[in-house]
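Engineer: Attaching a predicted model along with its sequence, questions to come.
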Amino acid sequence: MLWGKLLHYLVKSGDLMVIDAKGKTHRFGRRGDAMKAVVKLHDPSLHYKLFFYPEFYLGESYMHGTLTLEEGNLNDFLAILAVNFAVSKPTLPEKIAEKLAPVTQKIQQHNPIGLAFKNVAPHYDLSDRLYELFLDEDMHYTCAYFTDPGNSLEQAQQDKIRHVTAKLQLKPGMKVLDAGCGWGGFAMYMAKTVGVDVTGVTLSGEQAAKANQRAKEAGLSDRVRFLQKDFREMSGTFDRVASIGMMEHIGVGFYKQLFAKTKELLTDDGVAFFHCIGRLDGPGTTNPWLRKYIFPGGYAPALSEVTKVIEKSGLLMTDIEILRMHYAYTLQHWQQRFRDNWDTVANIYDERFCRMWEFYLVSAEMDFRYLSTMIFHIQLSKDIHAVPLTRDYMVDWERAHPTEYDRAAIAQAAKNYG
């Protein structure tokens, strides 16, 4: 089994057993290690495919059912690989891929306006019912903010949108553009909490329709509206431009266009904000399985790829924050809810889809937990005096706007201590 040669090189910790397609067993790592998994291959071609192109065939074989877990679950298996990969030296194919990255990036991240709509459709135009089954009640499909790892997903998502809103320093009556608005939870929060007027844009027709329906049901249609439109096609001026999770779908080659449009849309004293998945280890390329089956055209940039474009855009960076383990905790919640609703999802799609989605959620968690993926927040303005000198205003705003979970905790504490 040729794949075994790669695993012998890679796996030094963890207890991994592989049963090949001929029924022969192979052991890797340390027997008796707390991290343990037994994998079975059902297709002899995987003996060499997983050696030459594991980044692609690992996910594809799991979703097709030609690689199964006999002991442990997918989390156990991928954790062993991730922990060992994090301390391994690059292989020759990885070194070659790194050298070719500047060229392959341009091809993989080609997201002009027309193609961008097509790229997001396979993911974001899936049934709303799917997302309702594993997201929080307010349907936020981006990294939550865990002030305590033990918090519920609902609380962490509310804390996230409060944390982001605090950075925008909103005032009643301001015009806000929510770029990549999802199902509208963030836009509606800003409108309800501060009294601003919000226009949300998304490339997904499903999201735009659902978000407008939610705004109508909440009685916010006079202050909030959602458009199926590319951010780069917007016109007019806004006091604030905010984006949570849109940059990953644009591509490095289009960042100059992104920030030029942001500058064009902002008032002279306006503030912009971007929340994005990022790479801690420098520029690279998107995993090929993820690029084909989950996020066509998607890419999580290194901060260096973003800041060098901003520096030439005429916009000023006024604040940067790095969030580390928050997405790992978020993905844990999504996985549990997804698995709890596995049969329902299988009835909407099929078992193959369920395995595909499970592999996506688990592999993403491993990236944030063990490898080099994080979230960054960047605040921008045309005017260096647009925001206060210190971050105190953010903390003050969050404290002045408790969530329902804060109020419940305060009430419980008052009850406990009289």
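Structural biologist: Looks like it came in fine.
Engineer: so where's the stretch 1-150 of the chain shaky on pLDDT?
Structural biologist: Low-confidence regions of the stretch 1-150 of the chain, defined here as pLDDT under 70, cover residues 90-125.
Engineer: where exactly do the helices run in it?
Structural biologist: 2-10, 46-52, 54-64, 74-87, 92-108, 113-124, 128-134 (DSSP state H, counting those that start in this stretch).
Engineer: hmm, who's touching the first one?
Structural biologist: Think helix 2-10. Applying CB atoms under 8 Å, 6 or more residues apart in numbering, the set of residues contacting helix 2-10 from outside is 16, 18, 20, 26, 28, 46-48, 50-51, 54, 81, 84-85, 88, 91. For glycine as for every other residue, the C-beta is placed from the backbone atoms N, C-alpha and C.
Engineer: Would you list the buried entries among the residues you listed?
Structural biologist: Burial of the contacts of helix 2-10 was assessed by neighbour count (16 or more other CB atoms under 10 Å); the buried members are 16, 18, 20, 26, 28, 46-47, 50-51, 54, 81, 84-85.
Engineer: would you list those residues in TSV and tack on distance to E154?
Structural biologist: Rendered in TSV, the data for these read as follows (distance: CB to CB, whole Å):
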residue	distance to E154
L16	36
V18	40
D20	44
H26	44
F28	40
L46	40
H47	45
L50	39
F51	44
P54	37
L81	32
N84	35
F85	33
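Engineer: State the pair within those residues that is farthest apart.
Structural biologist: D20 and F85 (21.3 Å; CB to CB).
Engineer: give me every residue that touches H26.
Structural biologist: When contacts are counted by CB under 8 Å, 6+ apart, H26 touches M1, G4, L7, M17, V18, I19, D20.
Engineer: neighbours of the second one, just the number please.
Structural biologist: Read it as G4. Other residues near G4 come to 17 when the count uses other CB atoms under 10 Å.
Engineer: how far away is it from L81?
Structural biologist: With the distance defined as CB to CB, to the nearest Å, G4 ends up 14 Å from L81.
Engineer: Please point out which parts of stretch 159-178 sit buried.
Structural biologist: Residues of stretch 159-178 classed as buried under the neighbour-count rule (16+ other CB under 10 Å) are 159-170, 174-178.
Engineer: What of stretch 185-205?
Structural biologist: 185-191, 194, 196-204.
Engineer: mind listing which of those residues are in helices?
Structural biologist: Members of the buried residues of stretch 185-205 lying in helices (criterion: DSSP state H): G185, F186, A187, M188, Y189, M190, A191, V194.
Engineer: So which of those residues is the closest to P301?
Structural biologist: Relative to P301, and with distances defined as CB to CB, the nearest of those is F186, at 21.4 Å.
Engineer: and the residue nearest to that closest one when sequence neighbours are not counted, what helix or strand is that in?
Structural biologist: Distance criterion CB to CB, 6 or more residues apart in numbering; nearest residue to F186, sequence neighbours excluded, is I161 at 5.0 Å. Using DSSP states H and E, I161 sits within helix 153-168.
Engineer: mind listing what P44 touches?
Structural biologist: When contacts are counted by CB under 8 Å, 6+ apart, P44 is found next to D20, A21, K22.
Engineer: Include distance to K308 when you put the contacts of H26 into CSV, please.
Structural biologist: Rendered in CSV, the data for the contacts of H26 read as follows (distance: CB to CB, whole Å):
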residue, distance to K308
M1, 44
G4, 42
L7, 38
M17, 46
V18, 43
I19, 48
D20, 47
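Engineer: so after the longest helix belonging to the chain, what's the next helix or strand?
Structural biologist: Secondary structure of the chain read by DSSP H shows that its longest helix is helix 351-370. Scanning forward in sequence from helix 351-370 by DSSP H and E, the next helix or strand is strand 373-381.
Engineer: tell me what the helix or strand that that next one is followed by is packed against?
Structural biologist: Next helix or strand after strand 373-381 toward the C-terminus (DSSP H and E): helix 392-400. Taking 3 or more CB pairs under 8 Å, 6 or more residues apart in numbering; DSSP states H and E as the contact definition, the neighbouring helices and strands of helix 392-400 are helix 153-168.
Engineer: downstream neighbour of the helix it packs on in the secondary structure list?
Structural biologist: Later in the chain than helix 153-168, the nearest helix or strand by DSSP H and E is strand 175-179.
Engineer: Describe which strands that following strand pairs with in its sheet and in which direction.
Structural biologist: Strands adjacent to strand 175-179 in the sheet, as given by DSSP bridges, are strand 197-202 (parallel), strand 238-244 (parallel).
Engineer: before we move on, back to that, determine which two of the contacts of helix 2-10 are furthest apart.
Structural biologist: Farthest pair in the contacts of helix 2-10 (CB to CB) is D20 and S88. Separation: 22.3 Å.
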